[in-house]
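Chemist: Just the structure for this:
(2 chains)
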Amino acid sequence: MSVSSYPVKQAAFCVVALGAANWFYSPQKAAAWALVIGVGIGILVLPRLLPACRKNIGPQNKTIARAQFLAFLILGASLALSLFQNFGAIDASIYKRSFGVIMGFVLIITGNHLPKTVRSLTAPRCDPTRLMAAELFAGRVFVLAGIIYVAVWIFGPLDQINLMSSLVGLTAFMLVFIRWLTSRFTNTPSR
Amino acid sequence: MNTVFKALSDPTRRRVLELLRDKPMGAGELAAEFQVSKPTMSAHFAVLREADLVASEKQGKSVVYQIKMSVLEDALLSFTQIFGMELKNTTTKKTKAERAKG
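Modeler: This next block holds a predicted model:
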């Protein structure tokens, strides 16, 4: 997928429009909506100040465009849910479950792309083989945890859902952390 | 995603990815594993790069390739292996005798 195929500007426009709509329908939370709109504009503008992004070429730019698009998707979905709740289209339990499902998908997408982050082979103290194995493990754990997380938020009982989802997330992060520690201290770097 | 499926459809390219799963390798080192000409190998590398499945880096005079696959792409590659579509060693890997002949 090329950089231009991520409709970043259109997604940013949707986020700002949804933020403005939320502001209009629930003005008592004006500060929160202003903050969300500010974050949206920041996500669009700040990467343009990075030298790698200004060149408009190279894999880094594509990664940034993908990350921006994902961030706008999360913000947009959250704002749309708030708007639906304002209109009474969804009740509080569905609103809560939907946020959990969105977070689960964030975990899945992040985990899926984690092994794709490639560092320079000449980077100091970089053992590519060890790094690749650790990133692939982390990616697989996050994808699996994300799937379980989504399932918990869809099917789990509402009174225990916070505990169950926290356990899934914590277990995933602990597994990745232990794997990172063991790979860092048990092997001797090749360079 | 089309480019990924195109890249994974060829057994030589799948074998390249399998080799790169273990460690980053030089272009010459990889080419030595196959009975194909260097231009053909270059074309395979180009397809893999276009699909964003490998990253290349110039180190001195040689180009070193490292794998750049997402979890989903890695699973797709594993599926092709499970369903018996892996490249047979007899057709890809040069035997010791053939290498000795040069």
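Chemist: what are the ranges of the helices in chain A?
Modeler: Under the criterion DSSP state H, helices of chain A are mapped to A:8-25, A:30-45, A:51-54, A:59-87, A:92-113, A:128-155, A:161-185.
Chemist: err, chain B, not the other one
Modeler: Per DSSP H, chain B has helices spanning B:2-8, B:11-22, B:27-31, B:38-50, B:71-82, B:89-92, B:96-101. These are given in chain order.
Chemist: In JSON lines: these, plus mean pLDDT.
Modeler: Rendered in JSON lines, the data for the helices of chain B read as follows (pLDDT from 0 to 100):
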{"stretch": "helix B:2-8", "mean pLDDT": "85"}
{"stretch": "helix B:11-22", "mean pLDDT": "89"}
{"stretch": "helix B:27-31", "mean pLDDT": "88"}
{"stretch": "helix B:38-50", "mean pLDDT": "91"}
{"stretch": "helix B:71-82", "mean pLDDT": "86"}
{"stretch": "helix B:89-92", "mean pLDDT": "46"}
{"stretch": "helix B:96-101", "mean pLDDT": "50"}
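Chemist: State the distance from the residue nearest the centre of chain B to B:K6.
Modeler: In chain B, the C-alpha nearest the mean C-alpha coordinate belongs to B:V16, at 1.5 Å (Cα atoms, centre = their mean). In this view, B:V16 and B:K6 are 14 Å apart by Cβ to Cβ, to the nearest Å. The way it works is simple: take the backbone N, C-alpha and C, and place the C-beta from them, glycine included.
Chemist: Could you pull up the residues touching the residue lying closest to the residue nearest to the centre of chain B once chain neighbours are set aside?
Modeler: The shortest distance from B:V16 to any residue other than its chain neighbours is 6.0 Å, reached at B:L30 (Cβ to Cβ, 6 or more residues apart in numbering or on different chains). By Cβ atoms under 8 Å, 6 or more residues apart in numbering or on different chains, the contact set of B:L30 is B:16, B:19-20, B:41, B:65.
Chemist: can you pick the most crowded of those?
Modeler: Comparing the contacts of B:L30 on neighbour count, B:V16 comes out first with 28 neighbours (neighbours: other Cβ atoms under 10 Å in any protein chain shown).
Chemist: List the residues that contact it.
Modeler: The neighbourhood of B:V16, defined by Cβ under 8 Å, 6+ apart, consists of B:30, B:44-45, B:48, B:54, B:65.
Chemist: how about 7 Å then?
Modeler: Each residue near B:V16 by Cβ atoms under 7 Å, 6 or more residues apart in numbering or on different chains is listed here: B:30, B:44, B:48.
Chemist: A:A31: how many residues sit nearby?
Modeler: 9.
Chemist: Just the pLDDT for it.
Modeler: With respect to pLDDT, A:A31 has a value of 91.
Chemist: any low-confidence regions in chain A?
Modeler: When residues are selected by pLDDT under 70, those of chain A lie in A:1-5, A:51-61, A:119-126, A:185-191.
Chemist: measure B:F5 to B:R13 for me?
Modeler: In this structure, B:F5 and B:R13 are 11 Å apart, going by Cβ to Cβ.
Chemist: Compare neighbour counts for those two and give me the winner.
Modeler: Neighbours around B:F5 and B:R13, counted as other Cβ under 10 Å, are more numerous at B:R13. The numbers are 22 against 10.
Chemist: my read: that one touches B:A7, true?
Modeler: Yes. B:R13 is within contact range of B:A7, at 5.4 Å (criterion: Cβ atoms under 7 Å).
Chemist: Between these two, which contacts overlap?
Modeler: B:47-48.
Chemist: re earlier: closest one of the contacts of B:V16 to A:A151?
Modeler: For A:A151, the nearest member of the contacts of B:V16 is B:L48. The distance, counting by Cβ to Cβ, is 34.3 Å.
Chemist: wouldn't that closest one be in contact with B:R15 here?
Modeler: No. The criterion here is Cβ under 7 Å, and B:L48 misses it with B:R15 at 11.3 Å.
Chemist: Of the two, which one has the most company?
Modeler: Comparing B:L48 with B:R15 by other Cβ under 10 Å, the one with more neighbours is B:L48, at 27 against 21.
Chemist: got a list of what the more buried one touches?
Modeler: Going by Cβ under 7 Å, 6+ apart, B:L48 touches B:7, B:13, B:16, B:54.
Chemist: Thanks a lot, see you next time.
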